[in-house]
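Trainee: Whatever this is, show me its structure:
(2 chains, ligands or ions: 1)
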Amino acid sequence: MLSLLLAEGHGGGLIPAPVRSAIDRLCDPQYFLPLFFVAFVAGLVFYRKWTQPKVAGGIALAALAGFGLALTNHNFLEIVERPDNIPIVGMLGLVAFFTWYSLRLAAVNDERIEKGEGPIEKTGSNDRVLVWPDLVFSEFIALILCTVLLVVWAIAVKAPLEDPANPFKTPNPSKAPWYFLGLQEMLVYYDPWLAGVVLPGLIIVGLCAAPYIDFNPKGNGYYTFKERRFAISAFLFGFLNLWVVMVLIGTFLRGPNWNVFGPFEKWDVHKVVVLNNVNLSEGFWIGWLKTGFPAWFGASPANGSLAQAGNVIARELPGLVLVLLYLAVPPPVLASTVMKGFYKRMGFIRFNLLVFLMLSMMCLPIKMILRWTLNLKYLVAMPEWFLNI
Amino acid sequence: MAKTPLDEIRSSQVWRSIFRHGYPDTERNRTLAALSNIFLHLHPVRVRKSGLGVRYTWCMGGLTFFLFLVETITGILLMFYYRPTGDAAYNDIAALRDHVPLGVMRELHRWGAHAMVVSVWLHMFRVFLTGSYKPPREFNWCVGVILLVLTLLLSFTGYLLPWDQLAIWAITVGSNMARATPFLGHEGPGASALSVHGLPLIHSSDDARFGLLAGPLVGEGALLRFYVLHCILIPFVASILMAVHFWRVRKDGGISGPM
Ligand code: HEM
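Mentor: As a prediction, the model looks like this:
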């Protein structure tokens, strides 16, 4: 109904067309993700400035106004208004709000700590209050609010039900449930064995390992940023840059054939995107050395499967070496230079686990940058064994 | 002072057999209120003032639990009307939409599930930013991580049950990852290494995805499998872990706070 009221007649909406197409272009992940990262870093560096209620309120108002204006566009409204996408819009608002709120509390506490007053949580921290009525009361309020919200939501928005399941009719695009769209978006850069199995596994392992890796005794039980810069930056980077924003891209910016569409762009099934990505081995042997792939173990397939395997490995040697160096060099180098203090306090195993997890986390942005700048498809391409990296 | 009818009820044998304390307006009775009620006794009798309430915890863990209860109740009601078979599933859901005036059970269940995913993320976010995973709460953080995974899996398995296009294709996309599992998926690296005398052990009809879907594709076998996972197995495991989680919150000294 909303869409009828607003968009019927002038589908373009209130935002002028040149601005819209500029936004559409900026929403291409190769610009959007770096821009978001810059904003993220600035947000952490200046966390005391922008979290002040007046500044943050201004930012929030501007964002809301922009969102409101964007809603007047037919294509934007159509995607935001889908029943299953409404929670994602809500999620983005909540994540933004709570990121602000926690950094605000941290900024206030950090100032107090500098003045020697200790975090707010400490004032009266030995005061214990009775659960009945103090806690039960606020739980009760939260429960009522949540119930009201849920009932209103349930009355206002019908749960979607599409056509009956038909295994012969693939919708385009086919999307996983929204909370897994970050993983589906990762499929653009890595094959399923990494994006769908190994990396998610490492997220779980990494989360479980966090308390055992973080040796910093400070900042236990109160909001602070200054006392835990490394841990909080790493967590927020993973959660915001690599998870929430990837969900956002997968939901709102990926259309038919998993092509990128700007928020104001029509989802055109026939949009053609030229893919001329190359593998590292092609670039290395054919583009650079101009020798063609090596056939060190005999050129003809008749030489048996072992020789063939040898040739595959020889072909992918550049990528294999790079990957091995990526995993093997940083730990000792970091341990003896910038992270010397970490290494001393953490010991061999914990330190190596930390660096390994950080490297696994960084392998996504690194692959993205390689894709955007060098059109790299695979660092290691062994489709023979489903082993592409 | 004359006894009001309310006082009569309060002093009756029936009332006093249920509530073993007077009206909770004295310290003693408030303590008893928390201690003698099985639900309230999830809490300690007293909590740190700083750990109380909205500013510090955002109530997110509590809301996650509340949403889990909402899902349980609405889910049980939905189970009265839903049959997990290829013929019936879609029609049962459509009937809920078409023949139940003002029906909101499915909506409550679906939106509640989305909300629970969001609230569990935000709960983890708050726990991380307050450093509440630090000693002595490391283990409870790990229990939480498993609960996070279970929450996502609950939502994922439920996504299939309406048996519409949205459902089977979302699950197809999601479960296709499993065929790329290293060694155990038929398109995973290393799978071809698992062979006996040149005969591969891992095929599309016995790999990790097959185990998940009870077939090489999302079909009726997957529907039944996901139904049982969704309604019985995962809620069962999650409930046990939640009990552990809440127990540990108390045993680790209550909600965290500065030393
Ligand atoms: C189904 C999911 C979950 C439920 C129902 C749940 C419930 C709760 C509740 C009610 C509390 C009390 C304090 C509060 O409300 O914040 C709590 C505390 C805690 N939760 Fe969870 N939780 C869940 C998932 C998680 C996850 C995903 C994590 C972390 C990865 C986690 C880690 C913790 C920790 C470490 C505490 C202690 C916090 C403190 O002492 O300040 N929980 N949880």
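Trainee: hmm, which helix or strand of chain A has the shakiest average pLDDT?
Mentor: helix A:2-7 (a mean of 49; mean pLDDT, DSSP states H and E).
Trainee: May I see the buried residues of the helix or strand harbouring residue A:351?
Mentor: Using DSSP states H and E, the element containing residue A:351 is helix A:340-374. For helix A:340-374, the neighbour count (16 or more other CB atoms under 10 Å in any protein chain shown) marks A:342-343, A:346, A:350-351, A:353-358, A:360-361, A:363-365, A:367-368, A:370-371 as buried. In short, each C-beta sits where N, CA and C put it, glycine included.
Trainee: same for the longest helix anywhere in chain B, what does it pack against?
Mentor: Looking across chain B with DSSP state H, the single longest helix is helix B:105-129. With contacts taken as 3 or more CB pairs under 8 Å, 6 or more residues apart in numbering or on different chains; DSSP states H and E, helix B:105-129 sits against helix A:86-114, helix A:136-156, helix A:229-236, helix B:60-79, helix B:89-99, helix B:138-160.
Trainee: change it to 7 Å
Mentor: helix A:86-114, helix A:136-156, helix B:60-79, helix B:138-160 (3 or more CB pairs under 7 Å, 6 or more residues apart in numbering or on different chains; DSSP states H and E).
Trainee: how many other residues sit next to residue B:194?
Mentor: 12 (other CB atoms under 10 Å in any protein chain shown).
Trainee: ok, now which ones touch it?
Mentor: For residue B:194, the contacting residues are B:183, B:201-202, by CB atoms under 7 Å, 6 or more residues apart in numbering or on different chains.
Trainee: between those, which has the most around it?
Mentor: Result: residue B:202 is most packed of the contacts of residue B:194 (other CB under 10 Å), 23 neighbours.
Trainee: Now do the contacts for that one.
Mentor: Residue B:202 touches B:184, B:186, B:191, B:194, counting by CB under 7 Å, 6+ apart.
Trainee: Let me know the closest of the contacts of residue B:194 to the ligand.
Mentor: Nearest to the ligand among these, counting by CB to the nearest ligand atom, is residue B:183 at 28.5 Å.
Trainee: Local confidence estimate at the residue in the stretch 101-250 of chain B that chain A sits nearest to?
Mentor: Residue of the stretch 101-250 of chain B nearest chain A, by CB to the nearest CB: residue B:177 (2.8 Å). For residue B:177, the pLDDT comes out at 87.
Trainee: Double-check that it belongs to a helix.
Mentor: Yes. According to DSSP: H, G, I helix; E, B strand; the rest coil, the state of residue B:177 is that of a helix.
Trainee: I'd say it and residue A:200 touch.
Mentor: No. Applying CB atoms under 7 Å as the test, residue B:177 and residue A:200 come out as separate, 8.4 Å apart.
Trainee: How much space separates residue A:108 from chain B?
Mentor: 11 Å (CB to the nearest CB, to the nearest Å).
Trainee: Flag every residue of the stretch 201-350 of chain A that's near the ligand.
Mentor: residue A:207 (CB under 6 Å from any ligand atom).
Trainee: Quick check: residues of the stretch 201-350 of chain A near chain B?
Mentor: Applying CB under 7 Å from any CB of the partner chain, one finds that the stretch 201-350 of chain A approaches chain B through A:204, A:207-208, A:210-212, A:214, A:219-223, A:228, A:232, A:235, A:239.
Trainee: Show me just the buried residues among those residues.
Mentor: A:207-208, A:210-212, A:214, A:219-223, A:228, A:232, A:235, A:239.
Trainee: Which ones among those residues map onto helices?
Mentor: A:207-208, A:210-212, A:232, A:235.
Trainee: quick one: which two of those are the most distant?
Mentor: A:208 and A:232 (18.3 Å; CB to CB).
Trainee: got the contact list for residue 158?
Mentor: Using chain A here. A:83, B:107.
Trainee: other chain: chain B
Mentor: Residue B:158 neighbours (CB under 7 Å, 6+ apart): B:113, B:230.
Trainee: ok, it to residue A:190 distance?
Mentor: 28 Å (CB to CB, to the nearest Å).
Trainee: To what extent is residue 234 buried, counted in neighbours?
Mentor: Here I'm looking at chain A. When neighbours are counted by other CB under 10 Å, residue A:234 comes out with 19.
Trainee: Oops, wrong one, chain B.
Mentor: Other residues close to residue B:234 by other CB under 10 Å number 21.
Trainee: So it versus residue A:342, what's the distance?
Mentor: Residue B:234 is 38 Å from residue A:342, by CB to CB.
Trainee: Could I get the contacting residues of the closest residue to the ligand within the stretch 201-350 of chain A?
Mentor: Residue nearest to the ligand within the stretch 201-350 of chain A: residue A:207 (6.0 Å; CB to the nearest ligand atom). Contact analysis of residue A:207 by CB under 7 Å, 6+ apart lists residue B:145.
Trainee: where does the chain have low pLDDT?
Mentor: Since you didn't name a chain, this refers to chain A. Applying pLDDT under 70 to chain A flags the ranges A:1-10, A:124-127, A:299-303.
Trainee: Hmm, no, I was thinking of chain B.
Mentor: Counting by pLDDT under 70, chain B has low-confidence residues at B:1, B:44-46, B:48-53, B:259.
Trainee: Centre-most residue in chain A?
Mentor: The centroid of chain A falls nearest to residue A:242 when counting by CA atoms, centre = their mean (2.0 Å).
Trainee: what's the neighbour count on residue B:39?
Mentor: If you count neighbours by other CB under 10 Å, residue B:39 ends up with 8.
Trainee: That one and residue A:32: what is the separation?
Mentor: To residue A:32, residue B:39 is 47 Å away according to CB to CB.
Trainee: next one: residue A:70
Mentor: Distance from residue A:70 to residue A:32, by CB to CB: 15 Å.
Trainee: gap between stretch B:56-67 and the chain center?
Mentor: Counting by CA atoms, centre = their mean, to the nearest Å, stretch B:56-67 is centred 13 Å from the centre of its parent chain.
Trainee: wait, does it contact the ligand?
Mentor: Yes. Using CB under 6 Å from any ligand atom, stretch B:56-67 reaches the ligand at B:57, B:60-62, B:64-65.
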